[in-house]
Structures are given as structure tokens and as C-alpha cells.
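[1] Need coordinates for the following:
(one chain, ligands or ions: 1)
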Amino acid sequence: MTTVTLQPGKERPVVQRHPWVFSGAIARIQGRQPERGAVVDVRSAEGEWLARGCWSAGSQIRIRLFTWEPDEPIDDALIRRRIERAIDGRRRLGMLANEGACRLIYAESDGIPGLIVDYYAGFLVVQLLTQAMAQRSAAVTRILVETLAPRGIYERSDADVREKEGLPPASGVLWGETPPARLRMRLPGDIWHVVDLGAGQKTGAYLDQAFNRLRVAAHCNGAETLDCFCYTGGFTIAAARAGARHITAVDTSEAALSMLREGLTLNMVATPVETAPGDAFKLLRRYREEQRRFDVVILDPPKFATSQSQVERATRGYKDINMQAMHLLRPGGILATFSCSGLVSADLFQKVVFGAALDAHRDVQIIERLSQSPDHPVLLTFPEGEYLKGLICRVW
Ligand code: SAH
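    Prediction:
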């Protein structure tokens, strides 16, 4: 097996079980140049064995580590053990109901870098995001079939991160039935949604917000509510179920808004909902000009920063929408504001909302802090797995 020796002083994160080795930390390779996705051993500059992982040729993250046990091979049995453990964790959370949906395997955080598996009402959606995982697609599929007996497994490896691995986008049925274009699923709070696993965003839905929607909905009884970046209406449907008086739901995607309408029908809600296709940045301004006012405003924008160089521009974007949202709130109203940019820390995000409050001339109190749902666990040795943060604020 190929052995990779680190530069002097670069062993610390590896010893502390961080699963990434960057190309710059590598001093030399002993043996053959590793093939894409091949298993390699990692040693310190002093020659001490540290860990074992899989090689990604070309990617800045050159090795993803899987084990720190010298005797543990990276084989199908290891992948099976990790998959079983991840599934067991979700089962203990009570999130593996037949008609339900949850993230079953969250890559590094579940000890399988590069593999994401989401469960949707009997179907599995898989993302193979590294060279190593793309190569092990057949083994992963077989293990998932044996452990979960799903109706079908669908690949949605069309995420941008595949590019950094030199992998083309890939999607389609890996095993079993093709998921219907409208699959019904039940989310926490007994909320029903339709999801399009083949064409929806990410793996079909934003499962990371499932519980946060209920926390926000708790403020929506009788409220005139504005749900910006609503997608298929996760927050809108929860707010309607909680008795919102009226909801305006904004998104650029017409397809998402039409699924939101289907979701409303499915939940038999009485709340009038106005769907507003368009750019939330512009609509927030227009509503201000029109002097519209709301009791609750929800901001759940897409990731604004995908690299360090974009963080500053991202913070300007967050500040802008948060300030606009504050202008629209009646005194004592609720702002539920989120950021899913991992590169924007919770601390930085709070500072951005602080800046927005100063510019909007409003007193703003944090009444609750939110994070991603528990089926997206954060491994202590891999804090990068924590990306979603939210603040529920009262705006005076
Ligand atoms: N709140 C949703 C998830 C939102 S994901 C839920 O709970 O499920 C972000 C959404 O923002 C996507 O649906 C995307 O279509 C939409 N979007 C991206 N840019 C936008 C813009 N400038 N204005 C309005 N919507 C936008």
C-alpha cells in the first residue's frame, strides 16, 4: 500500500482525528503514485503511523481519513459498520418512520467521507462526492439494499463539489424502483410534503430545517407572515398549520412554488397563501415602498459563500436582506433568520444581524438560537459539519 508522509509539524489535525489532509501538508509519497480513490497510509515526518484514508487526485483535500486503527482496513466491512451505526443513530432519534424523511448518512460526521444518504418515504437518495466513494458506488448500493430494503435508490451526485474532485455530475436510478415525480413524505410535526427526488434541489428537500420550522411556526398563530426563499414551503406549511392569518411565500423557482401549492392542499390548511415568484432582494424593497407590514418574516436564503473569498460579499448580502426584513416588521414582530454558509460562523452571522439592526434603527432581541436538525450530527473532530445557524429575534 502507498504511504504518504506529512510535512514536519503537520500531523496535529490528523492525530486529533480531523478527517482531511490537504495537499500542502504532504511531504512525499512512498511507493506508487496512488490511483484515484485508492487507500493510503499516512505517517508523520518522523515515520510514525497515524491514520488511513482514501486518495483524491487533483482535489485540494488530497486524503479523506477513515480510520485511526492500524489494523482496520478500508473495505466493504468498514463501510457496512459505519452505515449500520449511522442508521442506528437515526433510529434512536425516532426518525426512521416509513413515510418519514431524514438524513441517514452525513458523510465525514458519520465516518464515511464523501457519502450522503437521505431517506424519503421508502426511497434513498445517494450523493457520492469523492473519487473514493464514486468508485465504491456498487458496494454502497448493495449494503444499503441489505440493511434497509428500500423501494429504490436514486443517485443525485450533481452537487458542485464533485467538480473539485474532477468528477462529472451523475444522477439516475442505482437500484430498484424509479421514485415518482411527486413522492409524499411526512415531516416532524406531522406535516406532509411532496418531493421530487429526481429534479428537486439538493437531494430533493431541505431536511436540515425540519425542526426549526416548528420552532418558527410557534410564533405564527394569527400572524401575517412573509416566508422568503420558501422553496417548496417548509416554513409556509408549518406556519399555516400553526394558524398564520396570511402568508406571502417568495422564491425564484416557479417549480418550487407549484409544489408548495400541492403541499398546502395535502395539509388541508385554511390560511390564505400568496405565492410571489421573484427575487427576494427586490421584493423586500418593493414591499417596503408599498409600506406592507408583517408580524413574522422568515429568511432562509441559499448558501451565499462557497469559498473564503466570497465571505465578505456574502455578509453584505445577509446584512441587506436582514435590514430589509426588519423594516417590514411591526414592533414586537419576529424575524427568523438563517445562514447555511458553513464559512460564515455563528458569531459572524450574529454580528451581521447586529449591523442590520443598527442600520434599520430597531432594537432586536435574540429569543432563540437554532442549528441543523439532529439527523445532521456534528462530529466533535469535524466542526466543519456544522453549517446551519438561525436566530429567532424579536424586533421592536
Ligand atoms: N426555506 C426552504 C429552503 C430554502 S433553500 C425550506 O424550508 O425548505 C433556498 C431557496 O432560495 C431555494 O428554493 C432557491 O430557489 C431560492 N432562491 C435563491 N435565490 C433567490 C432569490 N434571489 N430570491 C428568492 N429566492 C431565491
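[2] Is Glu262 in a helix, a strand, or coil?
    helix (DSSP: H, G, I helix; E, B strand; the rest coil).
[3] and it, what pLDDT?
    On the pLDDT scale, Glu262 is placed at 96.
[4] next one: Thr2
    pLDDT, read off for Thr2, is 94.
[5] who's it bridged to?
    Val40 (DSSP bridges).
[6] quick one: it and the ligand, what's the gap?
    Look at Thr2 and the ligand: by Cβ to the nearest ligand atom, to the nearest Å, they are 41 Å apart. No exception for glycine: its C-beta is placed from N, CA and C like everyone else's.
[7] cool, Gln291 as well?
    Gln291 is 21 Å from the ligand, by Cβ to the nearest ligand atom.
[8] which SS class is that residue?
    Per three-state DSSP, Gln291 ends up coil.
[9] For Ala244, which residues are in contact?
    Going by Cβ atoms under 8 Å, 6 or more residues apart in numbering, Ala244 touches 217, 220-225, 271, 296.
[10] got the residues of this structure near the ligand?
    Proximity of the chain to the ligand, by Cβ under 6 Å from any ligand atom, involves residues 201, 206, 209, 229-231, 234-235, 250-253, 256, 279-281, 300-302.
[11] Take the residues you listed and keep only those in strands.
    Members of the residues of the chain next to the ligand lying in strands (criterion: DSSP state E): 250-251.
[12] check contacts around the closest residue to the ligand within the stretch 1-150 of the chain.
    Using Cβ to the nearest ligand atom, the closest approach of the stretch 1-150 of the chain to the ligand is made by Ala101 at 11.7 Å. Applying Cβ under 8 Å, 6+ apart to Ala101 gives the contacts 118-121, 185-187, 195, 205, 207, 210.
[13] And for Trp55?
    Neighbour list for Trp55: 2, 34-40, 62-63, 131-132 [criterion: Cβ under 8 Å, 6+ apart].
[14] what's the neighbour count on the closest residue to the ligand within the stretch 151-300 of the chain?
    Residue of the stretch 151-300 of the chain nearest the ligand, by Cβ to the nearest ligand atom: Gly234 (2.7 Å). If you count neighbours by other Cβ atoms under 10 Å, Gly234 ends up with 25.
[15] now the top strand by length along the chain, how far from the centre of its chain.
    Counting by DSSP E, the longest strand found in the chain is strand 329-339. Chain-centre distance of strand 329-339: 23 Å, with Cα atoms, centre = their mean, to the nearest Å.
[16] start the count at 787, not 1, going forward
    Understood, numbering begins at 787; the last thing we discussed is strand 1115-1125.
[17] Which neighbours in the sheet does that strand have, and how are they oriented?
    Sheet partners by DSSP bridges: for strand 1115-1125, these are strand 1080-1085 (parallel), strand 1175-1181 (antiparallel).
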